[in-house]
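**Q** have a look at this prediction, sequence included:
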Amino acid sequence: MRHFLSLKDYTKDEILEIIDLAIKIKKELKSGNINSYMPNKTLAMIFEKSSTRTRVSFETGIFQLGGHGLFLSNRDIHLGRGEPVKDTARVISSMNDMIMIRTFAHAMIEEFAVYSKVPVINGLTDSYHPVQLLADYMTLVEHNHTQNLKVAYIGDGNNMTHSWLMLAAKLGFELRIATPKGYECNASILENALELAKESGAKISIYNDPRIAVEGATVVTTDTWASMGQEDEKAERIKNFRGYIVNDALMSLAHEDALFLHCLPAYRGQEVSESVLEGKQSVVFEEAENRLHAQKGLMVWLDRQNN
Ligand code: CP
Ligand code: NVA
């Protein structure tokens with residue numbers, strides 16, 4: 001059974017195959033051909049955190065593939081009032097063909113996957129956001145922007161940073177991360193990525209100075225300073241992250257053709273300036289749209305693997 005919990009479990013060839021499939025299905029859609037790759041299949045979507053993009057892209061995506069999506073908020077299902085994960089997993093997977101989960105602890109989806117009879121997709125945990133990275137890399141492929149790729153990630157060492165670490169480690173590109181002191185990425189995920197990088201040739205460097213990380217980068221990216229679940233720390237984080245905003249001055253240190261990515265939602269004036277987010281180098285809204293296409297590629301790929 002193949003699940004999609006982290007890019008760690010995927011080879012470079014598999015990641016590129018999913019993206020190729022996504023690009024093919026996107027082209028079909030844009031030319032007016034909606035092909036039912038998954039007729040009558042159902043995707044159960046469990047949300048323990050808020051979402052705009054993930055919910056809309058998965059629900060629209062499964063519908064366009066000929067199937068149906070069920071939105072299950074933890075406010076409405078018994079999981080949210082204490083029914084065990086392993087019971088929920090057995091029940092929901094006995095009635096559906098695929099399951100997407102957005103939750104807090106990564107261990108929750110790992111446990112869910114153990115008990116699930118159908119593929120489980122990670123729609124974001126505190127540790128990883130791998131479907132976002134499929135859309136991000138797909139956007140770079142479409143822009144012919146993957147040669148000599150040097151990605152600079154500026155900001156919090158969070159689920160997005162960890163996902164970039166895994167993508168770089170698997171695909172073998174250069175990744176420079178700059179976080180404030182005390183907000184570094186998880187040490188064991190970093191160690192894991194550095195180990196994988198030995199095989200792929202990825203060059204991973206960790207800094208505290210955003211200017212050093214951005215120097216000559218071909219992609220600059222960032223994320224919110226306070227992730228879902230960290231609302232109480234927001235004011236303190238805004239103070240501690242001062243100087244880590246991606247603004248025009250910082251972007252001017254990157255390669256002149258550098259692209260700006262952001263998974264969204266973005267907080268203008270905090271991690272990114274209005275001018276960068278809305279500027280010529282920003283491809284954030286293509287990136288957001290690609291969530292739909294990338295996840296359709298992923299669902300079709302997983303369906304084929306498991307049937
Ligand atoms: N980028 C992303 O996952 O957005 P949502 O939180 O809106 O799903
Ligand atoms: N790091 C952010 C990503 C949101 C898509 C969070 O976890 O809230």
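**A** Received it, and whenever you're ready, just let me know what you need. Ligands and ions are numbered 1, 2, ... in the order given.

**Q** wait, what's in contact with the residue minimising distance to the centre of the chain?
**A** Geometric centre of the chain, nearest residue: Gln132, 2.3 Å, by C-alpha atoms, centre = their mean. By C-beta atoms under 8 Å, 6 or more residues apart in numbering, the contact set of Gln132 is Leu124, Met160, Ser163, Cys263, Arg291. Where C-beta positions appear, they are placed from N, C-alpha and C, glycine not excepted.

**Q** narrow those residues to those in helices?
**A** Counting by DSSP state H, the contacts of Gln132 place Met160, Ser163, Arg291 in helices.

**Q** what is the burial count for the first one?
**A** Using other C-beta atoms under 10 Å, Met160 has 26 other residues around it.

**Q** leaving aside the residues next to it on the chain, what's closest to it?
**A** Computed as C-beta to C-beta, 6 or more residues apart in numbering, the closest residue to Met160 that is not its neighbour in sequence is Asp223, at 4.3 Å.

**Q** phi, psi of that neighbour?
**A** phi -150, psi 170 (degrees, to the nearest 10).

**Q** on the pLDDT front, check the closest residue to Thr161 other than its chain neighbours for me.
**A** Counting by C-beta to C-beta, 6+ apart, Thr161 lies nearest to Cys185, which is 4.8 Å off, once chain neighbours are set aside. Per-residue confidence (pLDDT) for Cys185: 98.

**Q** what of Asn306?
**A** In this model, Asn306 is scored at 89, pLDDT.

**Q** for this structure, what lies in contact range of ligand 2?
**A** The chain comes close to ligand 2 at residues Leu124, His129, Asn158, Asn159, Met160, Asp223, Thr224, Ser227, Met228, Cys263, as judged by C-beta under 6 Å from any ligand atom.

**Q** with pLDDT and distance to Met38 added, can I get these in JSON lines?
**A** Shown next, in JSON lines, are these (pLDDT from 0 to 100; distance: C-beta to C-beta, whole Å):
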{"residue": "Leu124", "pLDDT": "99", "distance to Met38": "22"}
{"residue": "His129", "pLDDT": "98", "distance to Met38": "23"}
{"residue": "Asn158", "pLDDT": "98", "distance to Met38": "32"}
{"residue": "Asn159", "pLDDT": "98", "distance to Met38": "27"}
{"residue": "Met160", "pLDDT": "98", "distance to Met38": "28"}
{"residue": "Asp223", "pLDDT": "98", "distance to Met38": "31"}
{"residue": "Thr224", "pLDDT": "98", "distance to Met38": "32"}
{"residue": "Ser227", "pLDDT": "98", "distance to Met38": "31"}
{"residue": "Met228", "pLDDT": "98", "distance to Met38": "29"}
{"residue": "Cys263", "pLDDT": "98", "distance to Met38": "25"}
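
**Q** what residues does the closest residue to ligand 1 within the stretch 201-307 of the chain make contact with?
**A** Per C-beta to the nearest ligand atom, Cys263 is where the stretch 201-307 of the chain lies closest to ligand 1, at 3.9 Å. Shown in contact with Cys263 (C-beta under 8 Å, 6+ apart): Arg53, His129, Gln132, Asp136, Met160, Asp223, Glu287.

**Q** for Ile77, same thing?
**A** Ile46, Glu83, Thr88 are the contacts of Ile77 under C-beta under 8 Å, 6+ apart.

**Q** let me know the helix or strand that Leu175 is in.
**A** Per DSSP states H and E: Leu175 is located in strand 174-178.

**Q** all the helices of the chain, in order from the start?
**A** In the chain, helices defined by DSSP H lie at 12-30, 53-64, 85-95, 106-115, 130-142, 159-171, 187-200, 210-214, 234-240, 248-251, 274-277, 284-305, listed in chain order.

**Q** dump those helices to JSON lines, plus distance to Pro180.
**A** Conversion of the helices of the chain to JSON lines gives the following (distance: least, C-beta to C-beta, whole Å):
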{"stretch": "helix 12-30", "distance to Pro180": "30"}
{"stretch": "helix 53-64", "distance to Pro180": "26"}
{"stretch": "helix 85-95", "distance to Pro180": "34"}
{"stretch": "helix 106-115", "distance to Pro180": "23"}
{"stretch": "helix 130-142", "distance to Pro180": "22"}
{"stretch": "helix 159-171", "distance to Pro180": "12"}
{"stretch": "helix 187-200", "distance to Pro180": "16"}
{"stretch": "helix 210-214", "distance to Pro180": "9"}
{"stretch": "helix 234-240", "distance to Pro180": "5"}
{"stretch": "helix 248-251", "distance to Pro180": "14"}
{"stretch": "helix 274-277", "distance to Pro180": "19"}
{"stretch": "helix 284-305", "distance to Pro180": "23"}
